[in-house]
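A.B. asks: After the sequence you'll find the predicted model.
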Amino acid sequence: MNGPAMHEPSAPASWRVALPHSAAAVPVARALVRTALAEIEHAADCDTAELLTAELVANAVEHTKGDAPIELIVQLLPTGCQVEVHDPDPAPPGSLTRPGPDHPDPWQEHGRGLLLIRALSSSCGHRPTESGKAVWFRLPAVPQQRRPAD
């Protein structure tokens, strides 16, 4: 072959895992996101991805009935990442895509998760699935910081 090699953009990588319908799902989900983003040169901000994933998973555990597993899907895209949490409840999340009528009470332990997702993600939303709904967010890719030479 003559000339410089052309590199095709690689297909997005994705992980899909069933999580228990319990609080134990939250640290497992965070670890999966951290692992998925660790090896990527221009990954999304890992701390933000972990925080928002924890919020989605905790909401799915807290606000859905039954013990059906929750599904976590992490997709690495050329432009960043997308995280989806599938749960069996078809009801859309309260104020995910637009602010609710009330501001969260700063003294309460709950009520700020969807606000965090709206504020920190580049986009977010929800969609119906055959077995309930998927709630998702996207984060843009961020170049790794240059490290000083030793």
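C.D. replies: That came through fine.

A.B. asks: can you give me the helices for this structure?
C.D. replies: Listed in chain order, the helices of the chain (DSSP state H) span residues 25-38, 46-63, 113-120.

A.B. asks: Tell me which of these lies nearest to Gln82.
C.D. replies: With distances scored as Cβ to Cβ, the stretch of these nearest to Gln82 is helix 46-63 (10.0 Å). C-betas here are computed from N, CA, C, even on glycine.

A.B. asks: tally of neighbours for the closest residue in space to Gly113 that isn't next to it in sequence?
C.D. replies: Counting by Cβ to Cβ, 6 or more residues apart in numbering, Glu55 is the residue found nearest to Gly113 once chain neighbours are left out, at 4.0 Å. A total of 21 residues lie near Glu55 under the criterion other Cβ atoms under 10 Å.

A.B. asks: dump the residue contacts of Glu55.
C.D. replies: Taking Cβ atoms under 8 Å, 6 or more residues apart in numbering, we find Glu55 in contact with Gly113, Leu114, Leu116, Ile117.

A.B. asks: Please work out which of the helices of the chain is packed deepest.
C.D. replies: helix 46-63 (a mean of 20; mean count of other Cβ atoms under 10 Å).

A.B. asks: low-confidence ranges in the chain?
C.D. replies: Residue ranges of the chain with pLDDT under 70: 1-12, 39, 41-42, 95-112, 144-150.

A.B. asks: how about the strands in it?
C.D. replies: 13-19, 70-77, 80-87, 123-129, 132-140 (DSSP state E).

A.B. asks: how about the longest one: buried residues?
C.D. replies: So that's strand 132-140. Using 16 or more other Cβ atoms under 10 Å as the test for burial, strand 132-140 gives Gly132, Lys133, Ala134, Val135, Trp136, Phe137, Arg138, Leu139.

A.B. asks: a markdown table for those residues, including distance to Arg30?
C.D. replies: Shown next, in a markdown table, are those (distance: Cβ to Cβ, whole Å):
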| residue | distance to Arg30 |
| --- | --- |
| Gly132 | 22 |
| Lys133 | 21 |
| Ala134 | 19 |
| Val135 | 16 |
| Trp136 | 17 |
| Phe137 | 14 |
| Arg138 | 18 |
| Leu139 | 14 |
